[in-house]
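Engineer: give me coordinates for this.
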Amino acid sequence: MDTTPSTPTAAPAFQPSPEVPVRLSSAAIAQVKSVIQAQGFEGYYFSIRVVPAGCSGLGYDLNLVKECKAGDSMWEQDGVKIATDALSANYLLGTEIDYVSAITGAGFKFNNPNAKSSCGCGTSFTT
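Structural biologist: Predicted coordinates for the structure are as follows:
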């Protein structure tokens, strides 16, 4: 029997898949849950979509929706139901979404490995 103390290992890196293309940080999860509770939207999905927008061509559209559209990918993370469409999932694969608060304001921050460039304010991107 091996009595060598085990070395703690780091949490595994996010491994995106077509079923779970996006991961939310704990701060983003807390913010979504807070809005759901404050607005009385229990049971709603946090919808994440990529839409034509901004000076870089594509932008992020975040909404709380009661029902998903046919063909949407749906999954749950830490009690938050999340959904996106197939086209958006291609642009979002591997994206991590954080929620940050600073003196200049607060909002969701996207770390999207598919974005080749983004606008100065970070709300739109190109692939």
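Engineer: just checking, what packs against the helix or strand N63 falls within?
Structural biologist: Element membership for N63, per DSSP states H and E: strand 57-65. Contacts defined by 3 or more CB pairs under 8 Å, 6 or more residues apart in numbering; DSSP states H and E place strand 57-65 against helix 26-39, strand 45-53, strand 105-111, strand 124-126. All C-beta spots, glycine's among them, are computed from the backbone N, C-alpha and C.
Engineer: for A86, give me its contacts.
Structural biologist: A86 is in contact with G71, D72, S73, counting by CB atoms under 8 Å, 6 or more residues apart in numbering.
Engineer: and the last one, what's its pLDDT?
Structural biologist: Looking back up the chat, that one is S73. On pLDDT, S73 comes in at 91.
Engineer: number the residues from 129 up from this point.
Structural biologist: With 129 as the first residue, the last one maps to S201.
Engineer: now do the end-to-end distance for stretch 201-213.
Structural biologist: Stretch 201-213 has an end-to-end distance of 6 Å (CA to CA, to the nearest Å).
Engineer: and the contacts of that stretch?
Structural biologist: Here stretch 201-213 makes contact (CB under 8 Å, 6+ apart) with 146-152, 154, 157, 160-161, 164, 171-177, 193, 196-197, 199-200, 214, 217, 220.
Engineer: now, of those, which are buried?
Structural biologist: 148-152, 157, 160, 164, 172-177, 196, 200, 217, 220 (16 or more other CB atoms under 10 Å).
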